[in-house]
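Enquirer: For reference, the sequence and a predicted model appear below.
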Amino acid sequence: MSRPALDISESTIETLVERARAAAGHAYAPYSEFSVGAAVLTESGDIVTGANVENASLGLCNCAERTAVFAAVSAGARKINCVVIHTPTPTPTPPCGACRQVINEFGPHARVISVCDGADRIDTTLDALLPGAFGPGNLDD
Ligand code: THU
């Protein structure tokens, strides 16, 4: 029986969790001291990671999710099936609004999982995080 496109195996999810956790170790976050790592699963099965990169000009800080999505797209991906976000916190952190909008461009139905140093996870979808999203289709109207 064929699997739905977004039926992602548990072992792939755990690999994404480990990759997101490792990516947080590369965060450049001297101002917030809030290190975030993200791992993106592309439609072709590649995993691309990113971390938040801050700047002394504080408005230029870039979130881990957007770093990872931009890296995946720069490597040729155009569809994203899953994003895992790791924060070194006791509870999981959902993606910010800007990152939700960027994920929507390439994964409007993507699974989005937030993990942390505690046992809790948020396991949801981009549709649920950004209902009624503005997307590429709106420019055709
Ligand atoms: N941050 C992320 O990397 N992802 C989010 O979804 C929320 C916030 C980063 C941005 C900034 O470097 C630090 O966390 C504090 O906001």
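Expert: Perfect, thanks for sending it.

Enquirer: pLDDT wise, what is the residue most central in space within the chain at?
Expert: The chain has Val83 as the residue nearest its centroid, 3.6 Å off, counting by Cα atoms, centre = their mean. As predicted, Val83 sits at a pLDDT of 98.

Enquirer: so it sits in a helix?
Expert: No - counting by DSSP: H, G, I helix; E, B strand; the rest coil, Val83 is not found in a helix; it is strand.

Enquirer: give me every residue that touches it.
Expert: Contacts for Val83 (Cβ atoms under 8 Å, 6 or more residues apart in numbering) come out as 38-41, 65, 68-69, 95, 103, 107, 110-113. From N, CA and C alone the C-beta is placed, and that goes for glycine too.

Enquirer: let's go with 6 Å and repeat that
Expert: Val40, Glu65, Ile103, Ala110, Val112 (Cβ atoms under 6 Å, 6 or more residues apart in numbering).

Enquirer: What are the buried residues along stretch 46-64?
Expert: Ile47, Val48, Thr49, Gly50, Ala51, Asn52, Val53, Glu54, Cys61, Asn62, Cys63, Ala64 (16 or more other Cβ atoms under 10 Å).

Enquirer: Next step: the residues you listed restricted to helices.
Expert: The members of those that map onto helices under DSSP state H are Ala64.
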